[in-house]
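In: can you look at this prediction? I've put the sequence above it.
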Amino acid sequence: MKLTMQLKSRSYDIILKAGCLANLHQFTNVQNRRVFVLTDSGVPESYARTIADQCPNATVYTIPQGEGSKCLKVYGQVLQAMLDFGMDRKDLLVAVGGGVVGDLGGFCAASYMRGIDFVNCPTTVLAQVDSSIGGKTAIDLGETKNIVGAFWQPKVVLVDFDTLATLPHRHVVNGLAEALKTALIGDAQLFALFEEEHPEEHIEQIVYRSLKFKKKIVEQDEREGSVRACLNFGHTIGHGIEAVKGIRGRRTTGLYHGECVALGMLPMIEDPALVKRVRAIYRTLGLPTRVGVNKTKVLEYMQHDKKTCGSSITVIKCPGLGCWQAEKIPTAELPALLGLE
(Lines give C-alpha, C1' and ligand atoms only; values in the text may rest on other atoms or scores of the structure.)
Protein backbone atom coordinates (compact mmCIF):
# COMPACT_ATOMS: atom_id res chain seq x y z
CA MET A 1 0.00 0.00 0.00
CA LYS A 2 1.12 3.56 -0.62
CA LEU A 3 -0.23 6.88 0.56
CA THR A 4 1.04 10.18 -0.81
CA MET A 5 0.99 13.16 1.53
CA GLN A 6 0.21 16.33 -0.42
CA LEU A 7 1.30 19.57 1.22
CA LYS A 8 1.48 23.11 -0.08
CA SER A 9 5.23 23.14 -0.51
CA ARG A 10 5.87 19.47 -1.33
CA SER A 11 4.65 15.89 -1.21
CA TYR A 12 6.08 12.62 0.02
CA ASP A 13 5.22 8.94 -0.07
CA ILE A 14 4.22 6.76 2.86
CA ILE A 15 5.03 3.14 2.03
CA LEU A 16 3.18 0.46 4.01
CA LYS A 17 4.66 -2.94 3.21
CA ALA A 18 6.23 -5.85 5.07
CA GLY A 19 9.97 -5.86 4.41
CA CYS A 20 10.12 -2.34 2.97
CA LEU A 21 13.13 -1.30 5.09
CA ALA A 22 15.21 -3.23 2.58
CA ASN A 23 13.85 -0.99 -0.19
CA LEU A 24 14.99 2.39 1.11
CA HIS A 25 17.28 2.88 -1.89
CA GLN A 26 14.24 2.69 -4.20
CA PHE A 27 12.50 5.64 -2.58
CA THR A 28 15.26 8.14 -1.83
CA ASN A 29 18.79 8.87 -3.00
CA VAL A 30 21.43 7.20 -0.83
CA GLN A 31 24.28 7.47 -3.34
CA ASN A 32 26.97 10.14 -3.15
CA ARG A 33 25.81 11.37 0.25
CA ARG A 34 26.45 10.55 3.88
CA VAL A 35 23.59 8.74 5.61
CA PHE A 36 23.27 9.07 9.39
CA VAL A 37 21.12 6.25 10.78
CA LEU A 38 19.68 7.11 14.19
CA THR A 39 18.22 4.33 16.35
CA ASP A 40 17.92 3.40 20.02
CA SER A 41 19.08 0.55 22.23
CA GLY A 42 15.64 -1.07 22.31
CA VAL A 43 15.41 -1.51 18.54
CA PRO A 44 16.87 -4.71 17.05
CA GLU A 45 20.25 -3.82 15.54
CA SER A 46 19.33 -5.59 12.30
CA TYR A 47 16.79 -2.88 11.40
CA ALA A 48 19.35 -0.06 11.37
CA ARG A 49 21.88 -2.35 9.70
CA THR A 50 19.36 -3.11 6.91
CA ILE A 51 19.23 0.62 6.21
CA ALA A 52 22.98 1.23 6.51
CA ASP A 53 23.91 -1.70 4.25
CA GLN A 54 22.08 -0.03 1.34
CA CYS A 55 24.21 3.10 1.63
CA PRO A 56 27.81 3.42 0.40
CA ASN A 57 28.64 5.90 3.17
CA ALA A 58 26.61 5.38 6.34
CA THR A 59 27.03 5.36 10.11
CA VAL A 60 24.69 4.04 12.81
CA TYR A 61 24.26 6.08 15.99
CA THR A 62 22.41 4.50 18.93
CA ILE A 63 20.81 6.48 21.76
CA PRO A 64 19.49 5.01 25.03
CA GLN A 65 15.96 3.65 24.84
CA GLY A 66 13.17 5.70 26.39
CA GLU A 67 11.58 9.13 26.62
CA GLY A 68 14.58 10.36 28.60
CA SER A 69 16.56 10.58 25.34
CA LYS A 70 14.26 13.33 24.06
CA CYS A 71 16.29 15.95 25.92
CA LEU A 72 18.68 18.80 25.19
CA LYS A 73 21.71 16.74 26.23
CA VAL A 74 21.08 13.84 23.82
CA TYR A 75 19.96 16.27 21.11
CA GLY A 76 23.35 17.98 21.38
CA GLN A 77 25.19 14.66 21.35
CA VAL A 78 23.44 13.59 18.14
CA LEU A 79 24.21 16.91 16.43
CA GLN A 80 27.86 16.60 17.46
CA ALA A 81 27.99 13.07 16.04
CA MET A 82 26.49 14.34 12.78
CA LEU A 83 29.13 17.06 12.62
CA ASP A 84 31.92 14.57 13.42
CA PHE A 85 30.62 12.36 10.59
CA GLY A 86 31.23 15.31 8.26
CA MET A 87 27.63 15.82 7.21
CA ASP A 88 26.64 18.75 5.05
CA ARG A 89 23.39 20.09 3.61
CA LYS A 90 23.06 17.43 0.92
CA ASP A 91 23.24 14.54 3.37
CA LEU A 92 20.48 12.43 4.94
CA LEU A 93 19.29 11.40 8.39
CA VAL A 94 17.25 8.19 8.70
CA ALA A 95 15.37 7.55 11.95
CA VAL A 96 14.78 3.86 12.71
CA GLY A 97 12.68 3.25 15.82
CA GLY A 98 9.66 4.44 17.71
CA GLY A 99 8.30 7.89 18.43
CA VAL A 100 11.29 8.99 20.52
CA VAL A 101 13.74 8.29 17.69
CA GLY A 102 11.44 9.84 15.11
CA ASP A 103 10.81 13.00 17.13
CA LEU A 104 14.46 13.49 18.05
CA GLY A 105 15.80 12.51 14.63
CA GLY A 106 13.37 14.79 12.84
CA PHE A 107 14.32 17.74 15.05
CA CYS A 108 18.03 17.08 14.50
CA ALA A 109 17.43 16.99 10.74
CA ALA A 110 15.36 20.19 10.93
CA SER A 111 18.03 22.12 12.81
CA TYR A 112 21.35 20.74 11.51
CA MET A 113 22.67 23.30 9.01
CA ARG A 114 19.12 24.77 9.06
CA GLY A 115 17.63 21.61 7.61
CA ILE A 116 18.72 18.42 5.87
CA ASP A 117 16.75 15.52 4.35
CA PHE A 118 15.00 13.15 6.72
CA VAL A 119 13.49 9.67 6.29
CA ASN A 120 11.31 8.13 9.00
CA CYS A 121 11.18 4.35 9.54
CA PRO A 122 8.75 3.72 12.44
CA THR A 123 9.16 0.33 14.11
CA THR A 124 6.43 0.51 16.79
CA VAL A 125 2.65 0.50 16.46
CA LEU A 126 2.52 3.87 18.24
CA ALA A 127 4.86 5.48 15.70
CA GLN A 128 3.30 3.72 12.70
CA VAL A 129 -0.27 4.83 13.44
CA ASP A 130 0.53 8.39 14.45
CA SER A 131 3.85 10.17 14.95
CA SER A 132 5.59 8.91 11.79
CA ILE A 133 3.77 11.38 9.55
CA GLY A 134 2.77 15.00 9.81
CA GLY A 135 6.11 16.71 10.34
CA LYS A 136 5.96 17.36 14.09
CA THR A 137 9.45 16.95 15.58
CA ALA A 138 10.41 17.83 19.13
CA ILE A 139 12.25 17.18 22.36
CA ASP A 140 11.11 17.63 25.96
CA LEU A 141 12.28 20.32 28.36
CA GLY A 142 12.29 18.99 31.89
CA GLU A 143 8.87 17.45 32.52
CA THR A 144 7.20 19.38 29.67
CA LYS A 145 6.71 17.19 26.62
CA ASN A 146 7.50 18.29 23.06
CA ILE A 147 7.93 21.95 23.99
CA VAL A 148 11.05 22.51 21.83
CA GLY A 149 10.82 21.47 18.21
CA ALA A 150 10.00 22.28 14.60
CA PHE A 151 7.72 21.27 11.77
CA TRP A 152 9.94 19.29 9.41
CA GLN A 153 8.46 16.89 6.86
CA PRO A 154 10.26 13.65 5.94
CA LYS A 155 11.22 12.81 2.37
CA VAL A 156 9.60 9.38 2.69
CA VAL A 157 8.11 7.21 5.45
CA LEU A 158 8.70 3.44 5.40
CA VAL A 159 6.16 1.53 7.49
CA ASP A 160 7.53 -2.01 7.64
CA PHE A 161 4.98 -4.31 9.29
CA ASP A 162 7.65 -6.97 9.86
CA THR A 163 9.20 -4.78 12.56
CA LEU A 164 6.12 -5.24 14.75
CA ALA A 165 6.86 -8.95 15.19
CA THR A 166 9.49 -8.20 17.85
CA LEU A 167 7.26 -5.90 19.93
CA PRO A 168 6.03 -7.01 23.35
CA HIS A 169 2.23 -7.24 23.52
CA ARG A 170 1.95 -4.24 25.86
CA HIS A 171 3.78 -2.06 23.34
CA VAL A 172 1.38 -3.17 20.60
CA VAL A 173 -1.59 -2.22 22.78
CA ASN A 174 0.10 1.08 23.69
CA GLY A 175 0.10 2.01 19.99
CA LEU A 176 -3.43 0.77 19.39
CA ALA A 177 -4.65 3.36 21.92
CA GLU A 178 -3.59 6.14 19.51
CA ALA A 179 -5.39 4.39 16.66
CA LEU A 180 -8.51 4.17 18.82
CA LYS A 181 -8.22 7.94 19.30
CA THR A 182 -8.44 8.31 15.52
CA ALA A 183 -11.42 5.98 15.36
CA LEU A 184 -13.34 7.94 17.98
CA ILE A 185 -12.93 11.35 16.35
CA GLY A 186 -13.09 10.43 12.68
CA ASP A 187 -13.55 6.83 11.54
CA ALA A 188 -16.48 4.68 12.64
CA GLN A 189 -15.27 1.79 10.45
CA LEU A 190 -11.94 1.82 12.23
CA PHE A 191 -13.81 1.77 15.55
CA ALA A 192 -15.67 -1.33 14.35
CA LEU A 193 -12.33 -3.13 13.95
CA PHE A 194 -11.68 -2.50 17.63
CA GLU A 195 -15.03 -3.93 18.66
CA GLU A 196 -14.20 -7.25 17.02
CA GLU A 197 -12.91 -10.01 19.26
CA HIS A 198 -9.20 -9.67 18.40
CA PRO A 199 -8.28 -6.14 17.17
CA GLU A 200 -4.59 -7.12 16.94
CA GLU A 201 -5.44 -9.41 14.02
CA HIS A 202 -6.33 -6.31 11.96
CA ILE A 203 -3.12 -4.40 12.68
CA GLU A 204 -2.23 -3.59 9.05
CA GLN A 205 -5.71 -2.25 8.32
CA ILE A 206 -5.71 -0.30 11.58
CA VAL A 207 -2.37 1.33 10.71
CA TYR A 208 -3.54 2.13 7.18
CA ARG A 209 -6.85 3.70 8.24
CA SER A 210 -5.16 5.68 11.03
CA LEU A 211 -2.56 7.15 8.67
CA LYS A 212 -5.18 7.85 6.01
CA PHE A 213 -7.19 9.93 8.48
CA LYS A 214 -4.16 11.80 9.82
CA LYS A 215 -2.95 12.43 6.27
CA LYS A 216 -6.28 14.10 5.42
CA ILE A 217 -6.12 16.31 8.51
CA VAL A 218 -2.47 17.36 8.04
CA GLU A 219 -3.05 18.23 4.40
CA GLN A 220 -5.73 20.68 5.53
CA ASP A 221 -3.67 22.14 8.36
CA GLU A 222 0.05 21.39 8.37
CA ARG A 223 1.01 23.60 11.32
CA GLU A 224 -1.95 23.09 13.63
CA GLY A 225 -3.71 26.39 13.05
CA SER A 226 -7.19 24.86 12.96
CA VAL A 227 -8.46 21.30 12.36
CA ARG A 228 -5.18 19.54 13.20
CA ALA A 229 -5.91 20.33 16.83
CA CYS A 230 -8.36 17.39 16.80
CA LEU A 231 -5.40 15.01 16.88
CA ASN A 232 -4.76 16.22 20.44
CA PHE A 233 -7.88 14.40 21.63
CA GLY A 234 -7.00 12.69 24.92
CA HIS A 235 -3.58 14.32 25.08
CA THR A 236 -4.24 17.31 27.35
CA ILE A 237 -5.14 15.12 30.32
CA GLY A 238 -2.98 12.28 28.99
CA HIS A 239 0.20 14.34 29.02
CA GLY A 240 -0.58 15.43 32.57
CA ILE A 241 -0.98 11.81 33.66
CA GLU A 242 2.20 10.89 31.80
CA ALA A 243 4.17 13.61 33.59
CA VAL A 244 3.11 12.21 36.96
CA LYS A 245 2.99 8.47 36.28
CA GLY A 246 4.55 7.89 32.89
CA ILE A 247 7.51 5.64 32.10
CA ARG A 248 10.03 8.32 31.22
CA GLY A 249 13.51 9.50 32.14
CA ARG A 250 14.78 7.34 35.00
CA ARG A 251 11.26 6.13 35.84
CA THR A 252 10.99 2.50 34.74
CA THR A 253 7.54 1.66 36.10
CA GLY A 254 4.21 3.28 35.41
CA LEU A 255 2.23 3.98 32.26
CA TYR A 256 3.23 4.30 28.61
CA HIS A 257 2.16 7.22 26.41
CA GLY A 258 -0.74 5.43 24.72
CA GLU A 259 -2.04 4.19 28.07
CA CYS A 260 -2.02 7.77 29.38
CA VAL A 261 -3.83 9.03 26.27
CA ALA A 262 -6.43 6.27 26.69
CA LEU A 263 -7.16 7.52 30.21
CA GLY A 264 -7.19 11.11 28.95
CA MET A 265 -9.84 10.33 26.33
CA LEU A 266 -12.50 8.99 28.69
CA PRO A 267 -13.45 12.32 30.36
CA MET A 268 -13.66 13.96 26.92
CA ILE A 269 -16.27 11.55 25.50
CA GLU A 270 -19.66 13.18 26.04
CA ASP A 271 -21.89 10.22 25.08
CA PRO A 272 -22.27 7.86 28.09
CA ALA A 273 -23.17 4.90 25.86
CA LEU A 274 -20.01 5.45 23.84
CA VAL A 275 -17.95 5.61 27.05
CA LYS A 276 -19.25 2.15 27.96
CA ARG A 277 -18.25 0.78 24.53
CA VAL A 278 -14.78 2.33 24.82
CA ARG A 279 -14.26 0.90 28.30
CA ALA A 280 -15.18 -2.52 26.93
CA ILE A 281 -12.51 -2.14 24.22
CA TYR A 282 -9.97 -1.11 26.87
CA ARG A 283 -10.73 -4.29 28.81
CA THR A 284 -10.34 -6.41 25.65
CA LEU A 285 -6.98 -4.82 24.82
CA GLY A 286 -5.72 -4.65 28.38
CA LEU A 287 -5.65 -0.85 28.57
CA PRO A 288 -6.21 0.79 31.97
CA THR A 289 -9.67 2.21 32.68
CA ARG A 290 -8.73 3.88 35.95
CA VAL A 291 -5.51 5.30 37.34
CA GLY A 292 -4.45 5.94 40.91
CA VAL A 293 -2.65 9.24 40.55
CA ASN A 294 -2.39 12.56 42.35
CA LYS A 295 -4.89 14.59 40.34
CA THR A 296 -3.62 17.86 41.76
CA LYS A 297 -0.19 17.15 40.26
CA VAL A 298 -1.79 16.16 36.95
CA LEU A 299 -3.65 19.47 36.93
CA GLU A 300 -0.41 21.35 37.60
CA TYR A 301 1.25 19.84 34.53
CA MET A 302 -1.84 20.39 32.37
CA GLN A 303 -1.60 24.10 33.07
CA HIS A 304 1.83 24.10 31.34
CA ASP A 305 0.40 22.42 28.23
CA LYS A 306 1.24 24.02 24.86
CA LYS A 307 -2.49 24.54 24.25
CA THR A 308 -2.81 26.78 27.32
CA CYS A 309 -3.12 30.46 26.50
CA GLY A 310 -3.29 32.78 29.48
CA SER A 311 -6.20 31.73 31.67
CA SER A 312 -7.81 29.44 29.08
CA ILE A 313 -7.04 26.16 27.34
CA THR A 314 -8.41 24.50 24.21
CA VAL A 315 -9.58 20.93 24.74
CA ILE A 316 -10.90 18.44 22.19
CA LYS A 317 -14.13 16.66 23.04
CA CYS A 318 -15.93 13.77 21.35
CA PRO A 319 -19.72 14.35 21.30
CA GLY A 320 -20.34 11.01 19.53
CA LEU A 321 -18.62 8.36 17.46
CA GLY A 322 -16.75 9.77 14.48
CA CYS A 323 -16.93 13.44 15.42
CA TRP A 324 -15.10 16.00 17.54
CA GLN A 325 -15.27 19.60 18.66
CA ALA A 326 -12.72 22.04 20.02
CA GLU A 327 -13.76 23.93 23.11
CA LYS A 328 -11.93 26.79 24.76
CA ILE A 329 -12.44 26.61 28.49
CA PRO A 330 -11.06 28.58 31.46
CA THR A 331 -8.22 26.72 33.15
CA ALA A 332 -10.31 27.07 36.32
CA GLU A 333 -12.64 24.42 34.87
CA LEU A 334 -9.88 21.80 34.53
CA PRO A 335 -10.38 20.41 38.06
CA ALA A 336 -13.95 19.49 37.16
CA LEU A 337 -12.72 17.53 34.14
CA LEU A 338 -10.41 15.56 36.41
CA GLY A 339 -13.06 14.99 39.01
CA LEU A 340 -11.33 17.14 41.62
CA GLU A 341 -14.53 18.97 42.49
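Out: Perfect, thanks for sending it.

In: which other helices and strands contact the helix or strand harbouring Leu79?
Out: For Leu79, the enclosing helix or strand under DSSP states H and E is helix 72-84. Contacts defined by 3 or more CB pairs under 8 Å, 6 or more residues apart in numbering; DSSP states H and E place helix 72-84 against strand 35-40, strand 58-63, helix 99-111, strand 136-141. All C-beta atoms are positioned from the backbone trio N, CA, C, and that covers glycine.

In: CSV for the ones you listed, including mean neighbour count?
Out: Converted to CSV, the helices and strands packed on helix 72-84 look like this (neighbours: other CB atoms under 10 Å):
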stretch, mean neighbour count
strand 35-40, 26
strand 58-63, 19
helix 99-111, 26
strand 136-141, 21
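
In: show me where the stretch 151-300 of the chain has its strands.
Out: Along the stretch 151-300 of the chain, the segments classed as strands by DSSP state E, counting those that start in this stretch run 156-159.

In: low-confidence regions, it specifically.
Out: 249-250 (pLDDT under 70).

In: that older thread, in a markdown table, list the helices and strands packed on helix 72-84 along with distance to Pro319 and mean pLDDT.
Out: A markdown table is the format used below for those (distance: least, CB to CB, whole Å; pLDDT from 0 to 100):
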| stretch | distance to Pro319 | mean pLDDT |
| --- | --- | --- |
| strand 35-40 | 39 | 98 |
| strand 58-63 | 41 | 98 |
| helix 99-111 | 28 | 98 |
| strand 136-141 | 26 | 95 |
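
In: closest one to Val173 among those?
Out: Comparing the helices and strands packed on helix 72-84 by their distance to Val173 (CB to CB), the top pick is helix 99-111, with 15.1 Å.

In: returning to that earlier point: show me which residues of the helix holding Leu79 are buried.
Out: Across helix 72-84, burial judged by 16 or more other CB atoms under 10 Å covers 74-75, 78-79, 81-82.

In: so which of those comes closest to Phe161?
Out: Of all those, Phe161 sits closest to Val78, with 27.4 Å by CB to CB.

In: distance check, the closest one against Gly66.
Out: Separation of Val78 from Gly66 (CB to CB, to the nearest Å) stands at 15 Å.

In: make JSON lines from the helices and strands packed on helix 72-84 and add distance to Asp160 to it.
Out: Listed next are the helices and strands packed on helix 72-84 as JSON lines, based on distance: least, CB to CB, whole Å:
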{"stretch": "strand 35-40", "distance to Asp160": "14"}
{"stretch": "strand 58-63", "distance to Asp160": "17"}
{"stretch": "helix 99-111", "distance to Asp160": "14"}
{"stretch": "strand 136-141", "distance to Asp160": "21"}
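
In: Gly339: which of the ones you listed is closest?
Out: Smallest distance to Gly339 across the helices and strands packed on helix 72-84 (CB to CB): 26.9 Å, for strand 136-141.

In: related to what we said a few turns ago, so what touches the helix or strand following the helix holding Leu79?
Out: Using DSSP H and E, the helix or strand that follows helix 72-84 in sequence is strand 92-97. The contact list for strand 92-97, computed with CB atoms under 8 Å, 6 or more residues apart in numbering, reads 21, 24, 28-30, 33-40, 42-43, 47-48, 51, 82, 101-102, 104-106, 108-109, 112, 116-124, 127, 155.

In: how about the nearest residue to the most centrally placed residue in the chain, chain neighbours excluded?
Out: Central residue of the chain (CA atoms, centre = their mean): Ser131, 2.9 Å from the mean position. Nearest-residue entry for Ser131: Gly99, 4.3 Å, with adjacent residues in sequence omitted and distances by CB to CB, 6 or more residues apart in numbering.

In: could you check the distance from the one you found over to Gln220?
Out: In this view, Gly99 and Gln220 are 23 Å apart by CB to CB.

In: Thr331 now?
Out: From Thr331 across to Gln220, the span is 28 Å (CB to CB).
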